[in-house]
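[1] Give me coordinates for this.
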Amino acid sequence: MADLFTDDPLPSTPLDEPAPNAPLADRLRPKSLDEVVGQEHLTGPEGAIGRMVAAGKLSSMMLWGPPGTGKTSIARLLADAVGLRFVALSAVFSGVADLKKVFAEARVAMKAGQRTLLFVDEIHRFNRSQQDGFLPYVEDGTITLVGATTENPSFELNAALLSRCQVLILHRLDTGALCKLLDRAEELEGRPLPLTAAARDALVASADGDGRFLLNQAETLVDVGLEEPLDPSGLASFLQRRVAVYDKDREGHYNLISALHKSIRGSDPQAALYYLARMLVAGEEPLFLLRRLIRAATEDIGLADPQALVQCIAAKDAYDFLGSPEGELAIVQACLYLATAPKSNATYKAQGAAWRSARETGSLMPPQNILNAPTRLMKDIGYGKGYSYDHDAEDGFSGDDYWPQEMEAQTFYRPVNRGFEAKVAERLAFWDKKRRERHESD
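    Predicted coordinates for the structure are as follows:
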């Protein structure tokens, strides 16, 4: 599958100029890292990528982010910035033979004094054994691996591979970054898009953070040679896609989603339904709204009503199955469920507290009595010794100490006295009492 590789075996390849008839998104690819929009937290002077480039040395990394946010562009620019030979392949189309060829060529290049940056798009598509195949070549420096994935690396990539790579998170492009892309497109084409100001804002909102999608839509508009600018309604009809109609200052998109979330948090189902309707009628992407509802279910309700998250996931599945407009009723149901549910941010606060503690104490070993001992040696040195099997204890609760010896027990999760979480609070109080009684009797 030689057509998957972007360069010859040995020489480093500079960034190629796209053909004049190439798609607009290709012709607008950034030529340097400072031209990448929307990812300044990584590419800026204080960002991880900016610092690596300034030092002239790259570590292997995984670029995790939604489609159309610049993962491929960043990888090419990284190789060019530090003088590495660039090779790219896609995990969708490649197999073991392709990987072996890349690794062999990289070894030859290394002997000639040329390091290789291997960019693997959709790296999560490789199975576990294929992912393991990268390890020796990453470890000995044959390649600097840059993987791109839209999926959570924690779930889709081997722990061994992840431990050798930095995970860098790319953000969805915000309104400012998307508008900058449209400005560049108009400059390249030498004419403005045939859109009214309101329709231009609607086009940006409809992209939902995907720069490639936005540029593809813009190219369609440029190519047809419209004589009169389209308004939002005309744009929706032309693209055969609903587009969101928001204020020309582009704040409407964020103002309405904020109002929806806060109405849910404030237990006002009527206001929440109003803002949900405003966004759906304007043409907002239903999946964008579902993402926010799921966030509200975990951030503002949590264990006060564990069914809130279930309702939201069910609504997402129902919408996937039915589509618009029938599937929107499931979104309405989830919205009303959240707004009328008891509220608690105890889970949200517990996560923040636990994450801070983990960063501060992440090297401490758990107590030996709760460690598995699959080998004789581990048993001999005390692993698993003295473990209390809770199911054998009265009330199914042993009261053991599960914290590292060097660390005091912490309280991250503090349930509120509302909804189901009130019962959780009673249960925790009961266990705390039993634990104190055990420790007092020891």
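[2] How far off centre is the helix ranked longest in the chain?
    Criterion DSSP state H: the longest helix present in the chain is helix 419-441. How far helix 419-441 lies from its chain's middle: 37 Å, per CA atoms, centre = their mean, to the nearest Å.
[3] list the buried ones in that helix?
    By 16 or more other CB atoms under 10 Å, the buried positions in helix 419-441 come out as 419-421, 424-425, 434-435, 438. Backbone N, C-alpha and C define where each C-beta goes, glycine included.
[4] and what of stretch 264-275?
    264-265, 269, 271-273, 275.
[5] of the buried residues of helix 419-441, the lowest pLDDT goes to which?
    Least confident of these in the model: R438, at 80.
[6] Not including adjacent chain positions, what is the nearest residue to it?
    Leaving out its chain neighbours, the residue that sits closest to R438 by CB to CB, 6 or more residues apart in numbering is G399, at 3.8 Å.
[7] just to revisit the earlier point, tell me which of the buried residues of helix 419-441 is nearest to R376?
    Among the buried residues of helix 419-441, R438 lies closest to R376 (CB to CB), at 31.0 Å.
[8] I'd say the closest one and F397 touch.
    No - the criterion here is CB atoms under 8 Å, and R438 misses it with F397 at 9.1 Å.
[9] Now do the shared contacts for the two.
    Common neighbours of R438 and F397 are not found (criterion: CB atoms under 8 Å, 6 or more residues apart in numbering).
[10] wait, what's in contact with the residue nearest in space to the middle of the chain?
    With distances taken as CA atoms, centre = their mean, G65 lies nearest the centre of the chain, 4.8 Å away. By CB under 8 Å, 6+ apart, the contact list for G65 reads 71, 150, 169-172.
[11] Next one: it from V108, what distance?
    Distance, G65 to V108, by CB to CB, to the nearest Å: 33 Å.
[12] go on, A202?
    Taking CB to CB, one finds A202 at 52 Å from V108.
[13] which one of these two has more residues nearby?
    Comparing A202 with V108 by neighbour count (other CB atoms under 10 Å), the higher total belongs to A202, at 27 against 12.
[14] So that one is in contact with S233, correct?
    No - counting by CB under 8 Å, A202 does not reach S233; the two are 9.4 Å apart.
[15] wait, isn't A272 in contact with R265?
    No - counting by CB under 8 Å, A272 does not reach R265; the two are 9.2 Å apart.
[16] quick one, what contacts Y348?
    Contacts of Y348 by CB under 8 Å, 6+ apart are 298-300, 302.
[17] same question, I169
    Counting by CB under 8 Å, 6+ apart, I169 has contacts 64-65.
[18] Next, give phi and psi for it.
    phi -100, psi 120 (degrees, to the nearest 10).
[19] now swap in D121 and tell me
    According to degrees, to the nearest 10, D121 has phi -80, psi 140.
[20] which residues does it contact?
    Here D121 is in contact with 71-72, 88-92, 148 (criterion: CB under 8 Å, 6+ apart).
[21] What about the contacts of G65, which are in strands?
    Using DSSP state E, the members of these that fall in strands are I169.
[22] Out of the contacts of G65, flag the one nearest to G382.
    Distances from G382 to the contacts of G65, taken by CB to CB, are shortest for I169, at 40.0 Å.
[23] Can you tell me how far that closest one is from S90?
    21 Å.
[24] got the buried residues for the helix or strand where S129 lies?
    Per DSSP states H and E: S129 is located in helix 128-132. By neighbour count on 16+ other CB under 10 Å, the buried set for helix 128-132 is 130-131.
[25] still on that earlier bit, can you tell me which of the contacts of D121 is closest to N372?
    A91 (33.7 Å).
[26] My read is that that closest one contacts E122, right?
    Yes - contact criterion CB under 8 Å: A91 and E122 qualify, at 4.6 Å.
[27] Compare the two and say which one has the larger neighbour count.
    A91 (21 against 18).
[28] all strands of the stretch 151-300 of the chain, in order?
    Here the stretch 151-300 of the chain has its strands, by DSSP state E, counting those that start in this stretch, at 166-169.
[29] which stretches of it aren't confidently modelled?
    Filtered on pLDDT under 70, the stretch 151-300 of the chain yields the residue ranges 241-252.
[30] List the ones among the buried residues of stretch 264-275 that fall in helices.
    264-265, 269, 271-273, 275.
[31] Serialize the residues you listed to a markdown table and add fields for distance to R115.
    Putting those into a markdown table (distance: CB to CB, whole Å) gives the following:
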| residue | distance to R115 |
| --- | --- |
| I264 | 51 |
| R265 | 51 |
| P269 | 59 |
| A271 | 58 |
| A272 | 54 |
| L273 | 57 |
| Y275 | 53 |
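[32] domains of this structure?
    2-169, 175-239, 252-340, 364-441 (automatic domain parsing).
[33] want to throw those domains into CSV with distance to T347?
    Formatted as CSV, the domains of the chain follow (distance: least, CB to CB, whole Å):
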stretch, distance to T347
domain 2-169, 19
domain 175-239, 26
domain 252-340, 3
domain 364-441, 7
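[34] circling back to that earlier point, relative to I313, which of the buried residues of stretch 264-275 is nearest.
    The closest of the buried residues of stretch 264-275, once distances to I313 are taken by CB to CB, is I264, at 16.3 Å.
[35] Nice, that's everything, thank you.
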